[in-house]
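> Quick one, what's the 3D model for this:
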Amino acid sequence: MSDIQERVQETIDALVASGAERGLQVAVYQDSQLVVDAVAGVADPATGRAVTSDTPFFSYSIGKGIAATAVHVLAEQGVLDYDIPIAEVWPEFAAHGKSSITLGHALSQSAGVPGLPQDITVDDLPDWDKMCAAVANETPWWEAGTKIGYHAITYGFLVGEFVRRVTGSKISEVVREQVAIPLGIEPELMLAVPAADLDRLAVNEDAPVEQPENDGQDWEMPADSPMFRIGPWEATSAAYGNRADVRQADIPAGGTVTARGVARMYASLLGSVNGVRLISPERLERVSAVVASGEDQVFGFPGAWGLGYSLGQFMTNAHETQHIFGVGGAGGSHAYADRRTGTTFALTKNRLMQSFDTAEAVAAVVTDGL
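Numbering: from 1, shown residues only. All right, here's what the predicted structure looks like:
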């Protein structure tokens, strides 16, 4: 066992032993080689089924980076272009002044369409046609390209329907055929999970919620917060991620992965992995450069986006680490690539928390050890 593998293993074992985490996977590639593949804890507390390296975790917005990667592979093949207006291939989307919004705007969280009707529920999210119709009928919150705001749910339908209109295939099929199969990770990188694979998945649970300190006053999110207008809040819960219909559906704002699989995907963006490189160095430079930045109109914090990837390692040091690109998921899973060091990192977990504290702690161990 290498020193870095041993240090990561000790760290995640301690997190599980302390009760802070239930089940974890960590994978790291350096210079296209897998240097960390560590697991700890249980995938299913009810049965005691242990986490293994090939246990898929429903990892929420990590799927956004997967969807973006599929788009870039298609762009590399000349199938599509980032500057094409979405309405050019999806005419219904032009409603309410959205005719100039491009695929690039959608990828960079600057399309201005993060909102969904208030009556949309988690029961609606697996219904592709209903969700696309709802997104197409939305009125933009800002002029495309002028601001950023996290498109928590709409991102997947904007990107996914564009891909479907151009290729005739579901984006989950494009991911499988253009990304997962070439990299040999078909069972470990999925936007829609086949029914036969459902029993392999980890079971998510919600960690106790800690209210922020505020001098003894009850904390409550303002009723008019934009966060209440981007889709059902339940879509960040463990119960949502455990639903079979959600796991099997094309909802490309979220995805199901192993840490090893998604770290391999990012490694294949940086370079060749076993002879497979998904995109050219020139395209890598383009998709990982700042496309849109500023104060996030949904969450209120500063951010920067490339084409489908958040730029910066974590929110705490994002400005200083814009050579890092990737997407984290609700609950604390995270996956990213570091262009400066040639490394990729992925952590998946099934105890959902409102922070990336675990991912940050383990990433620090990796950084110190490489």
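> Distance check, residue 260 against residue 22.
Per Cβ to Cβ, to the nearest Å, residue 260 is found 19 Å from residue 22. The C-beta positions use only the backbone N, C-alpha and C, and glycine is treated the same way.
> backbone phi and psi for the spatially most central residue of the chain, please?
Computing the C-alpha centroid of the chain and ranking residues by Cα atoms, centre = their mean puts residue 62 first, at 1.9 Å. The phi/psi pair for residue 62 (degrees, to the nearest 10) reads phi -50, psi -30.
> With residue 354 instead?
phi -90, psi 40.
> Quick check: it vs residue 341, distance?
29 Å.
> what's the answer for residue 138, then?
40 Å.
> between these two, who's got more neighbours?
Using other Cβ atoms under 10 Å as the criterion, residue 138 and residue 341 rank with residue 138 on top: 19 against 14.
> Check the secondary structure at that one for me.
Per DSSP: H, G, I helix; E, B strand; the rest coil, the local secondary structure of residue 138 is coil.
> Without its sequence neighbours, what residue ends up closest to residue 258?
residue 188 (4.1 Å; Cβ to Cβ, 6 or more residues apart in numbering).
> same question, residue 276
residue 182 is the one closest to residue 276 (Cβ to Cβ, 6+ apart), at 5.2 Å.
> what is the mean pLDDT for stretch 267-278?
Average pLDDT, stretch 267-278: 97.
> repeat for stretch 146-166
98.
> And stretch 6-14, by the same measure?
On average, stretch 6-14 scores 98.
> The residue nearest to residue 276 contacts residue 277, correct?
No - shown here, residue 182 and residue 277 do not form a contact pair, counting by Cβ atoms under 8 Å, at 9.8 Å.
> Based on its surroundings, how many neighbours for residue 177?
Neighbourhood size, residue 177 [other Cβ under 10 Å]: 15.
> Looking at the spatially closest residue to it that is not a sequence neighbour now. What's its pLDDT?
Excluding its sequence neighbours, the residue lying closest to residue 177 (Cβ to Cβ, 6+ apart) is residue 169, at 7.8 Å. On pLDDT, residue 169 comes in at 98.
> now swap in residue 223 and tell me
pLDDT, residue 223: 60.
> hmm, back to that, how close does the residue nearest to residue 276 sit to residue 167?
When distance is defined by Cβ to Cβ, residue 182 is 16 Å away from residue 167.
> same deal with residue 328?
In terms of Cβ to Cβ, residue 328 sits 28 Å off from residue 167.
> Compare the two (neighbour count), which wins?
residue 328 (23 against 17).
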